[in-house]
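[1] structure, please.
(chains A and B, ligands or ions: 2)
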Amino acid sequence: MKRMEEQTYYEILEVSPDAGLKEIQRAYDHARETFHADSLAIYSLFSEEEMRKIQAAIEEAYRVLMDEALRRSYDQSHSHLIERSSREKQVEKPVKSSEIRSDLSFTDLSLETGEITYRGRSLKQLREKLGIDLKAVSAETKINMKTLELIEEEDLDHLPAMVYLKGFLKAYARALNLDPQKLIEGYFQLFQEKGKK
Amino acid sequence: MTRDQHQRVIWTIGGGKGGSGKSFITTNIGICLSKLGSRVILIDADLGGANLHTFLGLLPPVTSLSDFIKKRVPHLKDALIHTGVPNLQLLTGAQDLLNAADAKSALKRKLLRSIKSLESDYILVDLGGGNALSVLDFFLMSDGGILVVTPEPTSIENTYRFLKSAFYRRLRQAVSSYSAKSLIDEAMDQKNEAGIRSPYELLREVRRINEEDALKIVEEAATFHPNLILNQVRSKKDIEIGFSIRSACQKYFGIQLHYLGYIVYDQDVGNSIRKRRPLVLENYRSKAAQCVTEIASRLANSHRMNPGI
Ligand SMILES: Nc1ncnc2c1ncn2[C@@H]1O[C@H](COP(=O)(O)OP(=O)(O)OP(=O)(O)O)[C@@H](O)[C@H]1O
Ligand SMILES: [Mg+2]
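    Ligands and ions are numbered 1, 2, ... in the order given. Okay, the predicted model is just below:
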């Protein structure tokens, strides 16, 4: 039972101290959706001020943990706390992103938009942050490099229509371990904004 | 625990709001567990509207817990009703037990002991919707308390209110000093003078007056693991609310909630209730029945992996 101020960045995002970047990204997306003013799950629990504090802590934790150098120096300066929390976590069973994934795999349900969507540019940024080469994505998804580049550049003029594009977007999102629907949704908005197709 | 000593697991189903699906879930999980070969007893302890018999397609039972209380039957097991489902029995009238007004606490304890000694593998107790003190006590003394929530603000608000009452009651039982107990009583009132609005603020205030009790609070928070079922889910986004509730509980209460699973909103639920045939028997292929089955097998496994929880 630790107050926000006493929690490590790992505890704030509910990830283990050895979490990889993909896992941190997922945990961050989850935390942002959870601690959002319109989020149903926090209804009646927090004051506005408490919410601001939580949101700020989540952003800060994400900023540091996604940056290799910052994370390393944070780990060093907090080593005593982090070790302890990892031992506690073993007993308490931490939130595992794999657990979230398997539980969410109910495919027959109609989908609704999440708070966060991805588009080409944010996808590219994320991919670079994760240190994944576009060639690797191409090899995994069997989508040619040119198309992947067009997707990242959001070059709607040269991309196929949404009906054909969907399959590519899905495959790309899966390669980065993201919710495909969030990318499709983001691209859908993009097409709508540009008034196309 | 020795081998021949019987290991029964008591799950209580409560919290949330009227109509969230507690009775539907209690009945159908019970049937699933009995189909897995376990002996199961359902206990209807809803103060307001006991109706598990209707979910099972039975007439209002003629024997009940009060037959045992009034000594018309010698043993509690004589008050059990056969449901027609193999391995599944029903005990009704447990509201008398929870009704704080006429049940003395010595009697209540005796009854709880009798319930705990019933021959069964699982005992599932439908607590109904209230949060009377005796309901909270029952929730806390069971091996696992299950909250049934629907993805609506009203249901979520009631659930947090229930959870807070249960949590504070648990803390109150754990601390030893009178001053800490009265601080907890005060904290129950949201507009208290001490300005305590969250469990963390309560902990801070208790730490000021009694370090030992503060440690007990931390210990209690670390070992309090209520369970959550999200019912009447209509979208993928709804499913995620369960994970968000878990995160919110971690941030607000400092407790680890288990998300047992979700059950989709399904017309077949209402249809089966109108027919007075339990869904998992009437239509086990329906989506809601599949969800219930999955949760039941998770419960069975959690107990096998972690007996006595
Ligand atoms: N998954 C579901 N899909 C569709 N309808 C449902 C579902 N779960 C419950 N219902 C509907 O909600 C109604 C209330 O369910 P139930 O009686 O189990 O709630 P409860 O929590 O026991 O209520 P109370 O607190 O009044 O005892 C049922 O009649 C049923 O039609
Ligand atoms: Mg009911």
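
[2] now the strands for the chain?
    Just going to use chain A. When secondary structure is read from DSSP state E, chain A shows no strands.

[3] that was the other one, I meant chain B.
    Ranges of strands within chain B are B:9-14, B:40-44, B:81-82, B:88-91, B:122-126, B:144-149, B:227-233, B:258-264, based on DSSP E.

[4] walk me through which strands the first one pairs with, and which way each runs.
    Sheet neighbours of strand B:9-14, with direction, are listed as strand B:122-126 (parallel), strand B:144-149 (parallel) (DSSP bridges).

[5] which one of those lies closest to residue A:8?
    Relative to residue A:8, the nearest member of the strands paired with strand B:9-14 by Cβ to Cβ is strand B:144-149, separated by 28.4 Å. All C-beta spots, glycine's among them, are computed from the backbone N, C-alpha and C.

[6] make TSV out of the strands paired with strand B:9-14 and add mean pLDDT.
    As requested, the strands paired with strand B:9-14 are exported to TSV (pLDDT from 0 to 100):
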stretch	mean pLDDT
strand B:122-126	95
strand B:144-149	96
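
[7] ok, the nearest residue to residue B:261 once chain neighbours are set aside - contacts?
    When the adjacent residues along the chain are set aside, residue B:261 lies closest to residue B:295, with 4.2 Å between them (Cβ to Cβ, 6 or more residues apart in numbering or on different chains). The neighbourhood of residue B:295, defined by Cβ atoms under 8 Å, 6 or more residues apart in numbering or on different chains, consists of B:25, B:29, B:229, B:260-261, B:263.

[8] how far away is residue B:295 from residue A:129?
    Counting by Cβ to Cβ, to the nearest Å, the gap between residue B:295 and residue A:129 amounts to 37 Å.

[9] follow-up on the earlier one: for the strands paired with strand B:9-14, give me JSON lines that also has distance to ligand 1 and mean neighbour count.
    Below are the strands paired with strand B:9-14 laid out as JSON lines (distance: least, Cβ to the nearest ligand atom, whole Å; neighbours: other Cβ atoms under 10 Å in any protein chain shown):
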{"stretch": "strand B:122-126", "distance to ligand 1": "7", "mean neighbour count": "26"}
{"stretch": "strand B:144-149", "distance to ligand 1": "6", "mean neighbour count": "26"}
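
[10] out of the ones you listed, nearest to residue A:20?
    Nearest to residue A:20 among those is strand B:144-149 (31.8 Å), distances taken as Cβ to Cβ.

[11] could you export that closest one as PDB, CA atoms only?
    Output in PDB follows, covering the C-alpha atoms of strand B:144-149 (Å, rounded to 0.1, in the frame of the first residue of the first chain):
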ATOM      1  CA  GLY B 144     -13.200 -15.500  -1.900                       C
ATOM      2  CA  GLY B 145     -15.600 -12.600  -2.300                       C
ATOM      3  CA  ILE B 146     -16.800 -12.000  -5.800                       C
ATOM      4  CA  LEU B 147     -18.200  -8.600  -7.000                       C
ATOM      5  CA  VAL B 148     -20.500  -8.600  -9.900                       C
ATOM      6  CA  VAL B 149     -20.300  -5.300 -11.800                       C
END
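
[12] also compute the angle for it relative to strand B:258-264, please.
    40 degrees (axes from the mean of the first three to the mean of the last three Cα atoms, to 10 degrees).

[13] partner residues bridging the closest residue to chain A within the stretch 1-150 of chain B?
    With Cβ to the nearest Cβ as the measure, the residue in the stretch 1-150 of chain B that lies nearest chain A is residue B:149; the distance is 9.6 Å. Each beta-bridge partner of residue B:149 is listed here, defined by DSSP bridges: residue B:230.

[14] now do the contacts for it.
    With contacts defined as Cβ under 8 Å, 6+ apart, the neighbours of residue B:149 are B:15-16, B:20, B:155-156, B:159, B:228-231, B:245.

[15] ok, now with 6 Å
    B:16, B:155, B:159, B:230 (Cβ atoms under 6 Å, 6 or more residues apart in numbering or on different chains).

[16] same question, residue B:41
    Remark: with contacts taken as Cβ under 6 Å, 6+ apart, residue B:41 is in contact with B:89, B:118, B:120, B:123.
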